[in-house]
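A.B. asks: structure of the sequence below:
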Amino acid sequence: MFRIKKLDIFIAKQFGMLFAGTFFISLFVLMMQFLWRYVDDLIGKGLSMEVLGQFFWYMSLMMVPQALPLAILLSSLIAYGNLGESSELTAIKSAGISLIQSFRGLIVISVIIAGASFYFQNNVAPMAQKNMAQLLISMRHKSPELEIPEGVFYGGIPQTNLYVERKDMKSGHLYNIMVYRMTDSYEDQAIILADSGMLQSTAEKKHLVLNLWSGEWFENMRSQEMGNSASVPYRRETFAHKHIVLDFNGDFNLTDVAGISSDARTKSLEKISHDKDSLVHVYDSVGQAYYKDAQSLYYPAPKLSSVEKKQAIKMADNKKFDIDSLFKKLPADQRRMVVDQALSTVQQEVNDLDFKGMITSDGDKMIRQHDIEFINKFTLSLICIVFFFIGAPLGAIIRKGGLGIPIIVSVLVFIVYYILDNTGYRMSRQGDWAIWFGRGLSMAVLVPMAAFFTYKANNDSAVFNADAYRNVLRRMLGLRIKRSIASKEVIIHDPDYLNIANRLKVMNGKIADYAQSRNLKALPNVVKVFFRYHADHNIENINVELESIIEELGNTRNRVILSSLNKYPILAVKAHTRPFDRRWMNIASVFILPVGIFLYIRMWRFRLRLYRDLRTITACNNEIIAEIEAHGGWVLRVENNNNQ
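C.D. replies: Numbering: from 1, shown residues only. Okay, here's the model as predicted:
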């Protein structure tokens with residue numbers, strides 16, 4: 001039976017305080033990101049505080065489902081990072097409580113948050129999305145003089161299209177202006193060209209004043225009374241300055257939500273399912289109607305009598321029947337007429353199919369959007385649980401609390417999620433990927449990641465041990481550390497200097513024989529290295545003997561000998577013979593061309609380094625032998641005893 005323990009309450013308090021803080025921080029960051037995209041719609045529009053308050057309120061409601069997963073990731077990582085850094089996690093494990101058992105309280109909390117996120121997305125977020133879209137559209141229609149674009153026609157002013165080549169943001173002047181004034185009749189339109197101008201709102205926000213300089217006015221004078229007469233009078237006017245008043249209500253008015261309500265993001269699950277069924281039914285009917293039209297227009301079934309049908313079947317079964325021969329029998333003018341008629345029919349059909357394909361593609365896009373939003377309501381909730389199983393194990397592995405490393409790790413994980421999720425969303429919306437694949441891409445990557453981190457953290461695996469990765473990189477690149485042998489304060493056994501001197505002389509002989517038998521400067525044999533390598537036991541024995549002597553001489557107090565000991569290199573006794581210990585890995589590396597070349601050059605480098613190391617070892621041996629023979633073994637032993 002599940003019982004709430006003090007440990008669960010303790011961890012829940014740690015997590016709860018962090019979650020509250022990180023949630024509001026995440027919400028603020030996401031709101032600022034969203035605000036930056038629409039800042040041009042807010043600045044300089046003269047919006048009231050009430051409208052701005054509604055904008056920020058609906059924006060915060062929209063960002064809540066996205067802020068919850070990030071807050072769970074960050075708070076769980078910091079909470080378990082703090083427990084690991086203060087050794088409380090070690091105390092929990094020493095009490096016989098596994099890491100998974102310590103998760104159970106937070107798992108329940110994460111599931112509750114995921115459920116709240118799902119409820120929020122299904123009930124609150126659609127309403128916020130609808131109201132936000134309504135506000136944004138209304139803001140864009142307010143004070144249009146501030147958002148006239150450069151290089152394109154602007155149609156935000158009723159019955160007027162305005163083209164501006166360049167504009168000065170500081171002074172508000174517009175340059176190289178082209179204005180199309182339109183009415184209910186195409187014949188009554190006017191075209192105005194001007195070198196420069198300014199567009200401003202009147203004080204009551206009911207009209208726009210367009211001041212134009214150095215331009216021309218072209219206007220068609222045809223009226224309804226003139227009917228369809230052939231002569232069409234028009235007016236042309238050249239002006240130095242023109243003052244035009246345009247009807248425009250610049251006050252802030254909410255637009256109609258009729259066009260917004262079709263957006264799938266503004267609907268609940270029940271509404272999405274209902275509207276999707278209606279869309280499928282409608283566009284299936286449209287597709288069937290298009291199919292019947294094409295069948296009747298371009299592929300009509302001729303009405304034949306039974307005798308004509310039998311003749312047609314007989315002609316089709318006849319292998320000697322050739323349509324090209326019938327075509328060649330026609331006169332030249334009829335053949336050209338047949339070809340022109342066929343081309344015209346095909347072109348007409350292609351244009352018809354392009355138009356119908358454009359209509360059906362819009363329907364397919366709307367249906368895909370409904371499917372995507374249906375899945376989003378589940379994935380955004382489940383990602384809360386997935387992020388917990390990423391953040392908490394990572395905190396237990398890293399064992400660092402605070403706002404340093406946890407922030408960096410959380411940002412990296414969230415960036416991976418954002419890239420995968422955004423890529424899958426765009427590709428699914430365009431129809432390039434299947435919807436289940438695009439919306440499940442981030443989950444397919446993050447769920448195995450969460451399982452891996454949880455497994456490693458539960459088994460106390462040092463997956464983020466920097467020293468382990470540093471050692472692997474050092475071995476791969478052939479880097480090594482220097483010896484550091486210091487003088488000991490207490491020495492129990494003195495070295496046998498005379499015996500060590502004799503062993504060093506023997507080692508010098510072995511090194512000379514080894515260097516003579518091995519041509520270490522030459523390139524390694526590819527066949528012997530990758531296919532038929534043999535272990536180099538001679539250098540392994542020399543290395544074992546050397547380490548034994550160094551360990552014994554580490555008990556000396558003679559500074560000359562200690563200095564010589566620190567000059568000894570650390571030998572790599574296998575790297576110069578083959579890349580890997582396993583034969584199949586060596587053979588496989590040959591066929592991977594860049595890897596094989598790298599490993600071959602690496603082995604040659606290790607052979608050259610071994611050649612230099614052997615010379616260094618011989619020189620160090622001679623220094624130690626000379627020091628021992630200069631003082632005598634018994635003198636050094638007496639010096640050690642006196643120092644003690």
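A.B. asks: ranges for the helices of the stretch 1-150 of the chain?
C.D. replies: Using DSSP state H, counting those that start in this stretch, the helices found in the stretch 1-150 of the chain span residues 6-37, 49-85, 88-94, 99-119, 125-140.
A.B. asks: CSV for those helices, including mean pLDDT and mean neighbour count?
C.D. replies: Bear in mind the C-beta positions are built from the backbone N, C-alpha and C, glycine included. Formatted as CSV, the helices of the stretch 1-150 of the chain follow (pLDDT from 0 to 100; neighbours: other Cβ atoms under 10 Å):
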stretch, mean pLDDT, mean neighbour count
helix 6-37, 91, 16
helix 49-85, 91, 21
helix 88-94, 87, 15
helix 99-119, 92, 18
helix 125-140, 83, 19
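A.B. asks: by contact count, what packs against the helix or strand that contains Leu382?
C.D. replies: Per DSSP states H and E, Leu382 falls inside helix 332-398. Under the contact criterion of 3 or more Cβ pairs under 8 Å, 6 or more residues apart in numbering; DSSP states H and E, helix 332-398 touches helix 49-85, helix 99-119, helix 269-297, helix 323-329, helix 405-430, helix 435-458.
A.B. asks: got the angle for it vs helix 49-85?
C.D. replies: Here helix 332-398 runs at an angle of 50 degrees relative to helix 49-85 (axes from the mean of the first three to the mean of the last three Cα atoms, to 10 degrees).
A.B. asks: before we move on, the earlier item: what's the closest of the helices of the stretch 1-150 of the chain to Tyr299?
C.D. replies: helix 125-140 (44.0 Å; Cβ to Cβ).
A.B. asks: and of the helices and strands packed on helix 332-398, who's closest to Ile539?
C.D. replies: helix 435-458 (37.1 Å).
A.B. asks: Ala240 should be in a strand, yeah?
C.D. replies: Yes. The assignment for Ala240, made by DSSP: H, G, I helix; E, B strand; the rest coil, places it in a strand.
A.B. asks: that one touches Leu212, doesn't it?
C.D. replies: No. At 9.6 Å, Ala240 and Leu212 do not qualify as touching, with contact defined as Cβ atoms under 8 Å.
A.B. asks: more neighbours, these two?
C.D. replies: Neighbour tally, Ala240 and Leu212, criterion other Cβ atoms under 10 Å: the higher count belongs to Leu212, 24 against 8.
A.B. asks: does the closest residue in space to that one that isn't next to it in sequence count as helix, strand or coil?
C.D. replies: Counting by Cβ to Cβ, 6 or more residues apart in numbering, Ala194 is the residue found nearest to Leu212 once chain neighbours are left out, at 3.9 Å. Secondary structure, three-state DSSP: Ala194 is strand.
A.B. asks: let's have the helices of the stretch 1-150 of the chain in CSV, adding distance to Asp494.
C.D. replies: Listed next are the helices of the stretch 1-150 of the chain as CSV, based on distance: least, Cβ to Cβ, whole Å:
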stretch, distance to Asp494
helix 6-37, 55
helix 49-85, 45
helix 88-94, 42
helix 99-119, 50
helix 125-140, 80
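A.B. asks: touching, Phe120 and Pro65? I think so.
C.D. replies: Yes. Applying Cβ under 8 Å as the test, Phe120 and Pro65 come out as touching, 6.0 Å apart.
A.B. asks: any shared contact partners between the two?
C.D. replies: Common neighbours of Phe120 and Pro65 (criterion: Cβ atoms under 8 Å, 6 or more residues apart in numbering): none identified.
A.B. asks: re the thing from before, was I right to think the residue nearest to Leu212 contacts Trp213?
C.D. replies: Yes. Counting by Cβ under 8 Å, Ala194 does reach Trp213; the two are 6.3 Å apart.
A.B. asks: quick one, which of those two is more surrounded?
C.D. replies: Shown here are Ala194 and Trp213; by other Cβ under 10 Å, Ala194 has more neighbours (23 against 15).
A.B. asks: report pLDDT for that one.
C.D. replies: Looking at Ala194, its pLDDT reads 90.
A.B. asks: mutual contacts of Ala194 and Trp213, please.
C.D. replies: Lys242.
A.B. asks: contacts for stretch 578-588, please.
C.D. replies: Contacts of stretch 578-588 (Cβ under 8 Å, 6+ apart): Val529, Phe530, Phe531, Tyr533, Lys574, Ser589, Leu599, Arg602, Met603.
A.B. asks: let's see 6 Å
C.D. replies: With contact meaning Cβ atoms under 6 Å, 6 or more residues apart in numbering, stretch 578-588 is reached by Val529, Phe530, Tyr533, Ser589, Leu599.
A.B. asks: could those be laid out in TSV, adding secondary structure and neighbour count?
C.D. replies: Formatted as TSV, the contacts of stretch 578-588 follow (DSSP: H, G, I helix; E, B strand; the rest coil; neighbours: other Cβ atoms under 10 Å):
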residue	secondary structure	neighbour count
Val529	helix	20
Phe530	helix	24
Tyr533	coil	19
Ser589	helix	19
Leu599	helix	21
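A.B. asks: that older thread, run the chain-centre distance for the helix holding Leu382.
C.D. replies: With Cα atoms, centre = their mean, to the nearest Å as the basis, helix 332-398 stands 22 Å off its chain's centre.
A.B. asks: so that helix versus helix 435-458, what angle?
C.D. replies: 20 degrees.
A.B. asks: show the average pLDDT along helix 332-398.
C.D. replies: 88.
A.B. asks: and the angle from that helix to helix 99-119?
C.D. replies: Using the same axes, to 10 degrees: helix 332-398 against helix 99-119 is 140 degrees.
A.B. asks: report the inter-axis angle for helix 332-398 versus helix 125-140.
C.D. replies: 120 degrees.
A.B. asks: any idea how far the residue nearest to the spatial centre of the chain is from Val409?
C.D. replies: Central residue of the chain (Cα atoms, centre = their mean): Ile419, 2.4 Å from the mean position. Applying Cβ to Cβ, to the nearest Å, the value for Ile419 to Val409 is 16 Å.
A.B. asks: same question for Phe531.
C.D. replies: Separation of Phe531 from Val409 (Cβ to Cβ) stands at 44 Å.
A.B. asks: pLDDT below threshold where in the stretch 101-250 of the chain?
C.D. replies: Within the stretch 101-250 of the chain, the ranges that satisfy pLDDT under 70 run 140-147, 156, 183-188, 203-206, 220-234, 248-250.
A.B. asks: again, 80 this time
C.D. replies: The stretch 101-250 of the chain contains residues with pLDDT under 80 at 136-149, 153-159, 169-172, 181-189, 200-208, 220-235, 246-250.
A.B. asks: Asn318 and Gln311, how far apart?
C.D. replies: 11 Å.
A.B. asks: between those two, which one's more packed in?
C.D. replies: Ranked by neighbour count (other Cβ under 10 Å), Asn318 and Gln311 place Gln311 first, with 12 against 9.
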